[in-house]
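1. could you work out the structure for the sequence below:
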Amino acid sequence: MNGFEKRTAEKKAQVKKAAFQLMNTPKGANGLTMAAVAKLSATSKATIFKYFESKEKLIQQVFLDYLQHIKLQASDLLTVPLPFEEKLLKIAQIKMDNLAQVDEQFFQDLMGYYSKKDDPDFAKAMASYTQHSYDLMLDLFHQGRKEGKVDLKYSDEFLMLYMESMIQGITRLEIYQKIKVSYTQNWTEMLLKSLAPTSKQKE
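-> Residues are numbered from 1 along each chain as shown. Prediction:
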């Protein structure tokens, strides 16, 4: 990367950081203006449009960067030699910690964009993230089966549906806040017990 490319990358990062700060408020993505991004990032509006084409593209990139950060954290975790239950606890903690760093409106906006199909490139990127998350969790459950900590009667499809329903529950702000404060360990223990083989099967 030459000097010009480095400066461009740094400037883009500065713009995205400013956009994230403005979106991570109760006003959310709808309250974002290019004028505010330009002012906060000390970048001209013309330069921002040159980098991102439109406000919509900038918003999409902020969401993709946020998800990419979670993806890298989770992927790195799976390479660490830890038992199944510790990895599952840490995966849950990663999700909750990242949720704690954003405003409720930011998360609601992200979920709204997550289901959008009108932009093929963005939809493809979101589908790729979803597939990666699915594959990552399957790898983790396969490890759990090998360690005798996930009941063999549960299919991959059921395990993914079960985890999705559990995660959807804790992403509700009022539920998440209670779990975060008092019940993170209890939540994970209950999850592990619900997946584990019965004592008879272990014998």
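2. so V150 is in contact with F141, correct?
-> Yes: in this structure, V150 is within contact of F141 by CB atoms under 8 Å, at 5.6 Å. To be clear about C-beta, it is placed using only N, CA and C from the backbone, and glycine gets the same treatment.
3. give the other helices and strands that the helix ranked longest in the chain contacts.
-> Secondary structure of the chain per DSSP state H: the longest helix is helix 120-146. Helices and strands touching helix 120-146, by 3 or more CB pairs under 8 Å, 6 or more residues apart in numbering; DSSP states H and E, are helix 55-78, helix 84-100, helix 104-114, helix 156-170.
4. circling back: what sits in contact with each of V150 and F141?
-> L159 (CB atoms under 8 Å, 6 or more residues apart in numbering).
5. so who does the closest residue to I91 other than its chain neighbours touch?
-> Using CB to CB, 6 or more residues apart in numbering and skipping the chain neighbours, the partner closest in space to I91 is A74 (6.0 Å). A74 makes contact with I91, I94, S133, L136 under the criterion CB under 8 Å, 6+ apart.
6. what about the first one, how many residues nearby?
-> Residue neighbour count, defined by other CB atoms under 10 Å, stands at 21 for I91.
7. ok, it to S165 distance?
-> I91 sits 16 Å away from S165, going by CB to CB, to the nearest Å.
8. returning to that earlier point: JSON lines please, covering the helices and strands packed on helix 120-146 and showing distance to T8 and mean pLDDT.
-> Below are these laid out as JSON lines (distance: least, CB to CB, whole Å; pLDDT from 0 to 100):
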{"stretch": "helix 55-78", "distance to T8": "14", "mean pLDDT": "93"}
{"stretch": "helix 84-100", "distance to T8": "28", "mean pLDDT": "83"}
{"stretch": "helix 104-114", "distance to T8": "25", "mean pLDDT": "86"}
{"stretch": "helix 156-170", "distance to T8": "37", "mean pLDDT": "77"}
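9. can you add distance to M126 and give those back as a markdown table?
-> Formatted as a markdown table, these follow (distance: least, CB to CB, whole Å):
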| stretch | distance to M126 |
| --- | --- |
| helix 55-78 | 8 |
| helix 84-100 | 17 |
| helix 104-114 | 6 |
| helix 156-170 | 15 |
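10. looking at those, which is nearest to N186?
-> Distance to N186, taken as CB to CB, is lowest for helix 84-100 among these, at 11.3 Å.
11. same for the closest one, what does it pack against?
-> Going by 3+ CB pairs under 8 Å, 6+ apart, helix 84-100 lies up against helix 55-78, helix 120-146, helix 156-170, helix 184-195.
12. neighbouring contacts of the shortest one?
-> Outside of helix 184-195, the residues within contact range by CB under 8 Å, 6+ apart are 85, 88-89, 92-93, 96, 144, 149-151, 154, 159, 162, 166, 170, 179.
13. how near is F20 to A38?
-> From F20 to A38 the distance is 15 Å (CB to CB).
14. compute the inter-axis angle for the particular helix or strand that has K50 in it and helix 55-78.
-> Assigned by DSSP states H and E, K50 belongs to helix 45-52. Between helix 45-52 and helix 55-78, the angle comes out at 50 degrees (axes from the mean of the first three to the mean of the last three CA atoms, to 10 degrees).
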